[in-house]
Each structure stands twice: as C-alpha cells, then as structure tokens.
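[1] The sequence and its predicted three-dimensional model are supplied below.
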Amino acid sequence: MLEEIRQQPVALERTLTGQLRRIERFRGLVEKRRPRLVILAARGTSDNAAQFGRYLLEIATGIPVSLAAPSIYTLYNARVDLRDALVVAISQSGESTDTNLVLARGREQGALTVGITNEPRSSMARLAEHVFLVRAGREKSVAATKTYTGQVLLLYLLAYALGGGIRIRDVERLPELAEAALRLEPTIAALSERYLLMDHAVVVGRGLNYANAYEFALKLMETCYVVAERFSSADFLHGPIALVERNFPVLLFAPGGVTWPGTREMLDKLARLKAETAVITDAGNREAMAWSKRVISLPRKIDDLYTPIPYIIPAQIFAACLAAHKGINPDRPRTLSKITQTM
C-alpha cells in the first residue's frame, strides 16, 4: 500500500499526459451536445471519487449532477429517463457489475456514456462510448490509493471538457503537489503511532473535501479496523457532535477558503469538549495550526479547488502507517478482495 501511495506523482503525470488528447476530442463533442444533467455511477473508493465529481462538476459547470443508486436498475428494474444525460461510470477494475449495468442502461436510452477505469481491457471499457484511462499501473493492494487520485484527476479533466472553469495548467501542477505531500511521510508515520489504540473515530471534510472524509474513513475501516464515521462539518454540528467526549479522535480536512469558517467553528467546539483533533491543511491556512496540537500541513499554499489530491495522500499514509503500528497487513484486509461484484 505504501509503495503504491509513493507512486502517485508518476501515475498522475502519466494519466494526464496519456488522456489530454482524448479529453480535448471529447470537449469538442460536448460543445455540440451539452448534457442537461450528469449521472455518476460507482461503488466503494470509486464512489468516493464520484462524490468529489458531484461537487466539482456542479461548482465548475453548473450542470446538475446525481449519484446513481445502482439498485434502482439492478433490483427494481426501473426505467429512468436518461435522454440528454451524460452517464459516467467509475471503477478501478471496470468489472463492477451493477455500475456497468447503469452504463449499459444509459447507452440503451441514448445517453452519452463515459467510463473511467484503470483497466483498458475491462467490461466497462467495452461498454462505454468514451473511455478515460487512469494510467496507474497494476494496483496490487486491496486498498485503492493511486487509482483514487487518478480518478479524481480525470474528473478535473472531465469538468474542463464540459466547459468548467478548470485550467489545464493548474491540473498539471497536481503531480508536483502530490510529491510535496509524500515528503511528509516521516512526520505522519510518527503522528500515527499516537493512535495505536484507536478503535473509533470521526472524519470531517466539507465541500470539495467531503469525498476525502469518506475516503479517509474507508481506509481506516478496511486497513486498520477502526470504526470511522464521516461527516461534513455542517452535518456533524446537527447532532453527531453529541457523541464527542474528552479524547475522542476527530480527524479533519481544513483548507482555507469558503469552508474554513465552518471548520473553524467546529474546531472551537471540539476544543471546548477536549476532543483529540488532528488536522490536514496547507501553508495557506496558518490559522488552522492554532486550533489543533496535531497538524499535518503541506508546505505551500494550495488553491481550495485543487486541495483534494494533495490532502488525501497524507490520509492514505496515515492509514498505512497506523495499520503497520497495529500489526495489520493493509494489502490483504480480512474478508475483502480486490474486485467486488454486486447486483
């Protein structure tokens, strides 16, 4: 898992270089056929990438976005009107049965279809009209890391293709920001040892980092066997904060920008409750360092729009190191396999 985490700058660069021409061709197509809505279909870690895509695409393009509930198609056999829609399926393996069925139903009804996968010879790659490939190389660990950030990168490119305010030169900086995040590994490894006995936690992120809260929590659950709940800071204040008591672990994504005032309010409440907080932020939000004794800070200021990839890498490292401290092999979590097929 750690080795694959370390491969992310190269994997991101390879994905970007390999897919730019396809994205430009797709951009020309959707300029003539702009979808009225976007449907994102995924499971597991890929579903967390889709959650990010929902925020990014609506923010950047103004097109309504919905996360598909595959059981509507697989169990209830509902006929959903997908005309003039863009259906995007996201899967590391490209073999998620129910995700692929959503893609197939969309194509049957005349929707424009896109597959985002790491496997060019997968069922998804054959089903979708347009395929954007994560060029991460084979992912051996059950815990997906480099494919998640590759999917997020491709969602930036999809937003660009749909006319969103995404600049390619900003996306091209993401591999460098990933490299900067990796240099924090010794600090994160030392910090994670503090949480050796942690068996429950809450992970909080809002806006573009809400998906990262889900992904960090998933990594803690599947690799460290920690019961990890995930919330936006807004939802957490609406009730779940009642479970926090002294030394309760709360892990937060805290970029500057529009989500910071709400995060700061929550950190204030957590401080009064004497919770055990750890914050992932960057040098552009120095105020965050005053609200927690345990801070993982990237060494440069990052535009809020582009924080999700460099912010999730410290979280991945934290989970991998914590698993090692607990004596757990994160590459082979109990009862899990690399490809999960559901209907």
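    Happy to help now that I have it.
[2] contacting residues for Ala49?
    42, 90, 148, 151-152, 155, 211, 215 (CB atoms under 8 Å, 6 or more residues apart in numbering). For glycine as for every other residue, the C-beta is placed from the backbone atoms N, C-alpha and C.
[3] Thr147: what's it in contact with?
    If a contact means CB under 8 Å, 6+ apart, then Thr147 has 45-46, 92, 118, 134, 136, 139 as its contacts.
[4] now the strands: where do they sit in the stretch 1-150 of the chain?
    All strands of the stretch 1-150 of the chain, identified by DSSP state E, counting those that start in this stretch, fall at 37-42, 65-67, 85-91, 112-117, 130-133.
[5] Is it possible to get CSV of the ones you listed that adds mean neighbour count?
    Formatted as CSV, the strands of the stretch 1-150 of the chain follow (neighbours: other CB atoms under 10 Å):
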stretch, mean neighbour count
strand 37-42, 24
strand 65-67, 15
strand 85-91, 29
strand 112-117, 26
strand 130-133, 22
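[6] want to throw these into TSV with distance to Pro175 and mean pLDDT?
    Formatted as TSV, those follow (distance: least, CB to CB, whole Å; pLDDT from 0 to 100):
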stretch	distance to Pro175	mean pLDDT
strand 37-42	23	97
strand 65-67	26	97
strand 85-91	20	98
strand 112-117	18	98
strand 130-133	16	98
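[7] so which of the ones you listed comes closest to Asp199?
    In terms of CB to CB, the element of those nearest to Asp199 is strand 37-42, at 28.5 Å.
[8] sorry, back to before: just the buried members of the contacts of Ala49?
    For the contacts of Ala49, a burial check counting by 16 or more other CB atoms under 10 Å picks out 42, 90, 148, 151-152, 155, 211, 215.
[9] Turn the residues you listed into JSON lines, including distance to Trp291.
    Formatted as JSON lines, the buried ones among the contacts of Ala49 follow (distance: CB to CB, whole Å):
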{"residue": "Ala42", "distance to Trp291": "33"}
{"residue": "Ile90", "distance to Trp291": "34"}
{"residue": "Tyr148", "distance to Trp291": "28"}
{"residue": "Gln151", "distance to Trp291": "31"}
{"residue": "Val152", "distance to Trp291": "27"}
{"residue": "Leu155", "distance to Trp291": "30"}
{"residue": "Ala211", "distance to Trp291": "23"}
{"residue": "Glu215", "distance to Trp291": "23"}
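[10] which one among these gets closest to Trp260?
    Comparing the buried ones among the contacts of Ala49 against Trp260 with CB to CB picks out Ala211 as the nearest, at 17.7 Å.
[11] ok, that closest one - contacts?
    If you count contacts by CB under 8 Å, 6+ apart, Ala211 has them with 48-52, 55, 205, 308.
[12] Distance to Leu322 added to those, as a markdown table?
    Formatted as a markdown table, the contacts of Ala211 follow (distance: CB to CB, whole Å):
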| residue | distance to Leu322 |
| --- | --- |
| Asn48 | 19 |
| Ala49 | 22 |
| Ala50 | 26 |
| Gln51 | 23 |
| Phe52 | 23 |
| Tyr55 | 27 |
| Gly205 | 18 |
| Pro308 | 21 |
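[13] For the stretch 51-200 of the chain, give me the ranges with low pLDDT.
    For the stretch 51-200 of the chain, applying pLDDT under 70 flags no range at all.
[14] What segments of it are helices?
    If DSSP state H, counting those that start in this stretch is used as the criterion, the helices of the stretch 51-200 of the chain fall at 71-74, 97-108, 123-127, 146-161, 168-171, 174-182, 185-193.
[15] CA atoms only: put the following helix or strand past the last one into PDB for me.
    The one in question is helix 185-193. Downstream of helix 185-193, the first helix or strand assigned by DSSP states H and E is strand 200-204. Taking C-alpha atoms only, strand 200-204 is exported to PDB below (Å, rounded to 0.1, in the frame of the first residue of the first chain):
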ATOM      1  CA  HIS A 200     -13.200   4.500  16.700                       C
ATOM      2  CA  ALA A 201     -13.000   8.000  15.100                       C
ATOM      3  CA  VAL A 202     -14.900  10.600  13.200                       C
ATOM      4  CA  VAL A 203     -13.500  12.100   9.900                       C
ATOM      5  CA  VAL A 204     -14.800  15.500   8.800                       C
END
